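A.B. asks: Coordinates only, no sequence provided:
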């Protein structure tokens, strides 16, 4: 009987392990804009975390806006993270700009330039930034000169502008008048139900200080699709919400 009890306890333990199998949520909500004809030499966009994960609770959220260049195979994103990583070290909240297939990058301290791999390769400039809930952070990407292959980067929030540095691509490439955004949880978690509740707003990207794109949708997707909510406000702001 004792042997059978041990076997039964082991069986329950195995079931418990299976019940606790981790999931990596990945992408959760994506927003899109209507692409228009033309090209630009500057881009700005604002991200505001309306409800952040609870302080002191580890989390790994990424809120990002995407952009593309033409000609050439260059594209990128800028955004805010919790549980961010700089040169292999987890440092907490960060802001970053990354460009796939970039040729080079130079950071302005305390920002750091580094390469990245995984889903494509390129250069990233990252800065440890204690961004605040309810504060808008505006990222700007601007060609250094009309014929330069370098694009300078900055992020402004709470009345402070952080000059991040510059990323180099092909001199012939300019920004497409296109954009999208996403909310991602980039680490594993016990289940989708364990995702911290968050809510984030994205302004429509603005090119050369004039052209703002029209929002089309804000759509949940991915491994934890049931936890995502998306909406488009009358002023074109895209909102992503993750609910427990």
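C.D. replies: Received, thanks. Since this is a predicted model, take the numbers as computed values, not measurements. Residues are numbered from 1 along each chain as shown.

A.B. asks: ok, and the closest non-adjacent residue to residue 116?
C.D. replies: Once flanking residues are discounted, residue 116 sits nearest to residue 124: 5.0 Å by CB to CB, 6 or more residues apart in numbering. Just so you know, the C-beta spots here come from the backbone N, C-alpha and C atoms, and that holds for glycine as well.

A.B. asks: okay but that neighbour is in contact with residue 94, surely?
C.D. replies: No. In this structure, residue 124 is not within contact of residue 94 by CB atoms under 8 Å, at 10.2 Å.

A.B. asks: Which element, helix or strand, includes the residue nearest to residue 116?
C.D. replies: Counting by DSSP states H and E, the element that carries residue 124 is strand 122-128.

A.B. asks: Sheet-wise, list the partners of that strand with their directions.
C.D. replies: Sheet partners assigned to strand 122-128 using DSSP bridges are listed as strand 89-100 (antiparallel), strand 112-116 (antiparallel).

A.B. asks: And the next helix or strand past the longest one?
C.D. replies: In other words, strand 89-100. Where DSSP H and E defines the elements, the next helix or strand beyond strand 89-100 is strand 104-107.

A.B. asks: Report the central residue of this structure.
C.D. replies: Computing the C-alpha centroid of the chain and ranking residues by CA atoms, centre = their mean puts residue 64 first, at 2.8 Å.

A.B. asks: Does it lie in a helix or a strand, and which?
C.D. replies: For residue 64, the enclosing helix or strand under DSSP H and E is strand 61-70.

A.B. asks: thinking again about what came up before, who are the neighbours in contact with the residue nearest to residue 116?
C.D. replies: Contact analysis of residue 124 by CB atoms under 8 Å, 6 or more residues apart in numbering lists 96-99, 105, 113-116.

A.B. asks: Alright, I will stop here.
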